[in-house]
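J.: got a predicted model here, sequence first, then my questions.
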Amino acid sequence: MDQLTVLFLLFLVTLVAVPVASWIRMPYPVVITIGGLLLAVVPGLPELRLDPEMLLPLLLPPLLHTAGWRTSWREFLANAKAILLLAVALVFVTTAAVAFVAHQVVPGLPIAAALALGALVAPPDPVAASAVASTLRLPRRLLSILESEGLFNDVTAIVLYQVAVAAAVTGSFSAGEAVGKFFLSAAVAVAVGWGVSMVARWGFRYLNDERLRVMGSFIVPFVAYIGSDELGGSGVLAVIVNVLIMRAKNVEPDEPIGRVSGGVFWAVLELIVTGLTFGIIGLELRVVLQALGDDTGDVLAEAAAVVATVIVVRGVWLFPTAVLARRRNRRAADEDDPDVKDLAPVGPRETAVLWWAGMRGVATVALVLALPRTTDAGDPFPGRDRLIVIAFAVVMVTLVFQGLTLPWLVKRLGVRESEDAAGAAEEALRVRCAKAALARLREMEAGGELPDEVIETLRARQQAIIARVRPDAYEEDARKALAESGRRKRQLRRVEEELAEASREELQRARAEPGQDPVAVDRIMRRIDLRRIV
């Protein structure tokens, strides 16, 4: 019962933290973490006992699934170079730099244990990145890079971590074996992710009950993660590959109520898991305080050195990369390449935001708590308690301090997508939907399927949508549409289903085009579905 009490307190913290974060304009994972910190110092509160090895398999699959569902293959391919630079190269560089510093400042820390520390603090958190974006209205190109980095960096970091821990436990290390493990892990993950997506696509055809479809969508990411992990692959990469393929193949219910109910389910689930994730980070403060012992001053000095290394290395890596990105932009302007122009960071202000948004979270906490307690020789794992303190210091500083100051930095630098630009993109999609519906209506009119008054009513309704968005083009038609009454409701309803499906098909095509914001596409699709339900 004590464990359930702590869990429900974390749910309560989440319920309160989200509106508070919206009110004070802060990323809600930061506020939830602070809430967990406050819970951790409540006298008499029982300790939340979780198996560290279960944290990643329980928390990461749904979070990665929801984050991946918000992106697309087009954005992934457009960001391929940024992913390699941030999610692969930068993870390697950060791991090496942290390992060097930790080996120097932590007494007696072997290089293998130092590399394990470097790997577990290297990856920024994908959930924090998405939460930051949702509150700060960042430009889509910058948001896309942040989300792509958050999705893929865990793959590199976890493989490096596993190799380093194995070396620390066994006392032996093989560079060739490490490289082979990395590529084998990636290959297995891609195969499992693809296979699970194919089976899911086939299986969903036979699930006519929307409750079963939602349940199936919940199970799929866990199957991909656990299946890949059991076969020696990266569970993280398997989930990402799976969700991107399912998104590209449009594995969604045919009925609007199914899509809406599924969307609501995943939104609530994401909030619950996020609350647990960052609440656990705060609650683990007790573990950190217990691990400090009598060497508080020395351990905090070591932690400060590692924290500074993590932050400085990211900046040192990103700013020169931004120079290369601007050169790519100039070439893209000459070649008219929208993928590069729209998604690459274009200046030092955006680069500064990208640098400061490198917040660590659940992966770092889960990996450091999963460090073995002993080696194969029976000796204590070298520096385990100190590594826990250092890792939590990195999470606290990057998540809480940088998370609290990031909105100020974004406002100070003016790195925000203008409301006019966001509104214009959404209005363009609405016009496309209405025109697609009008085209389908003309096809039905040519086939003589409907009476003239039904055709006119429906045409006026779609033209009224265009008139509201582009009044300069359709003022006369809009007045006519607004004057029409809604007669013959049952027949109109049937035809509206056809028109809405045409709009949805057009949105699916738009989603695959370069430069389109998939979040805006989903927002329009949700509005269409809701109109069909009510």
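T.: That came through fine.
J.: three-state assignment of the closest residue to Val307 other than its chain neighbours?
T.: Excluding its sequence neighbours, the residue lying closest to Val307 (C-beta to C-beta, 6 or more residues apart in numbering) is Val397, at 4.9 Å. (C-beta placed from N, C-alpha, C; glycine too.) The three-state assignment at Val397 reads helix, by DSSP: H, G, I helix; E, B strand; the rest coil.
J.: and Val397, how far is that from Val310?
T.: Using C-beta to C-beta, to the nearest Å, Val397 is found at 8 Å from Val310.
J.: tell me which element Pro407 falls in.
T.: Here Pro407, judged by DSSP states H and E, is contained in helix 402-413.
J.: what's the pLDDT at the nearest residue to Ile455 once chain neighbours are set aside?
T.: Spatial nearest neighbour of Ile455, chain neighbours left out: Glu445 (5.1 Å); criterion: C-beta to C-beta, 6+ apart. Note for Glu445: predicted pLDDT of 75.
J.: surely Glu445 forms part of a strand?
T.: No: in this structure, Glu445 is helix, not part of a strand, as judged by three-state DSSP.
J.: next, work out how far apart it and Ala186 are.
T.: Per C-beta to C-beta, Glu445 is found 53 Å from Ala186.
J.: and Leu9, what element?
T.: Of the helices and strands defined by DSSP H and E, Leu9 is found in helix 2-24.
J.: pLDDT on that helix, on average?
T.: 85.
J.: on that earlier part again, packing partners of the helix holding Pro407?
T.: Where contact means 3 or more C-beta pairs under 8 Å, 6 or more residues apart in numbering; DSSP states H and E, helix 402-413 is packed against helix 28-40, helix 126-136, helix 348-356.
J.: pick out the shakiest of those, pLDDT-wise.
T.: Taking the mean pLDDT of those, helix 126-136 comes last: a mean of 68.
J.: after it comes which helix or strand?
T.: Next along from helix 126-136, by DSSP H and E: helix 140-170.
J.: what residues sit buried inside the helix or strand that that following helix is followed by?
T.: Next helix or strand after helix 140-170 toward the C-terminus (DSSP H and E): helix 175-204. Of the residues in helix 175-204, 178, 181-182, 185-186, 188-197, 200, 204 count as buried by neighbour count, 16 or more other C-beta atoms under 10 Å.
J.: give the contact list for Val163.
T.: 115, 173, 177-178, 181-182 (C-beta atoms under 8 Å, 6 or more residues apart in numbering).
J.: pretty sure Pro348 sits against Phe319.
T.: Yes: between Pro348 and Phe319 there is a contact under C-beta atoms under 8 Å: 7.0 Å.
J.: what's the distance between whichever strand or helix holds Gln104 and the middle of its chain?
T.: Element membership for Gln104, per DSSP H and E: helix 90-105. Computed by C-alpha atoms, centre = their mean, to the nearest Å, the chain-centroid distance of helix 90-105 equals 26 Å.
J.: can you name every helix or strand that that helix contacts?
T.: helix 111-121, helix 140-170, helix 296-335.
J.: gap between the most centrally placed residue in the chain and Arg494?
T.: The centroid of the chain falls nearest to Ala67 when counting by C-alpha atoms, centre = their mean (3.2 Å). Distance, Ala67 to Arg494, using C-beta to C-beta: 38 Å.
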